[in-house]
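Chemist: here is my input, please return the structure:
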Amino acid sequence: MILEPTMQPVPLHKNAQGVLRVGNTRVSLDVVIANYRQGLTAEAIVQELDTLDLGDVYAVLAYYLHNQADVEAYLAEQERHVVELQQQWETYQTTTALQTSLSVDDIRQEP
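Modeler: Purely as a prediction, here's the structure:
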């Protein structure tokens, strides 16, 4: 039998929020790449995140290494989105606290 190489699709899927997830898990590409950058091997990543498949992690890391500029652009965009969400949340909390404070002041001022 002669072994014929086949192309496997990259085990990434985009959820409704536009976040890339690895394989059939909820683990994001961001998390896998962050672990890889910290020096973890594919095996260590799977040991740390046991819902991942070793073959999927190797495939995702290979995709990252062959498409580093595109993946880095995606990761930077994700980081910008996280910062934006954090700012929106902080604004919401400040506004809510101010509204609550004003409501309490109104109650105190009533005869």
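Chemist: run through the helices of this protein in chain order.
Modeler: Assigned by DSSP state H, the helices in the chain fall at 29-37, 42-48, 54-66, 68-109.
Chemist: what lies in contact with the first one?
Modeler: With C-beta atoms under 8 Å, 6 or more residues apart in numbering as the contact definition, helix 29-37 has outside contacts at 12, 19-22, 44-45, 48-49, 52, 57, 60-61, 64, 71, 74-75, 78. (C-beta placed from N, C-alpha, C; glycine too.)
Chemist: hmm, try it at 6 Å
Modeler: 20, 22, 45, 60-61, 64, 78 (C-beta atoms under 6 Å, 6 or more residues apart in numbering).
Chemist: between the helices of the chain, which one is closest to Q8.
Modeler: Proximity to Q8 (C-beta to C-beta) singles out helix 54-66 among the helices of the chain, at 6.5 Å.
Chemist: does anything pack onto that closest one? Which helices or strands?
Modeler: Contacts defined by 3 or more C-beta pairs under 6 Å, 6 or more residues apart in numbering; DSSP states H and E place helix 54-66 against helix 29-37, helix 42-48.
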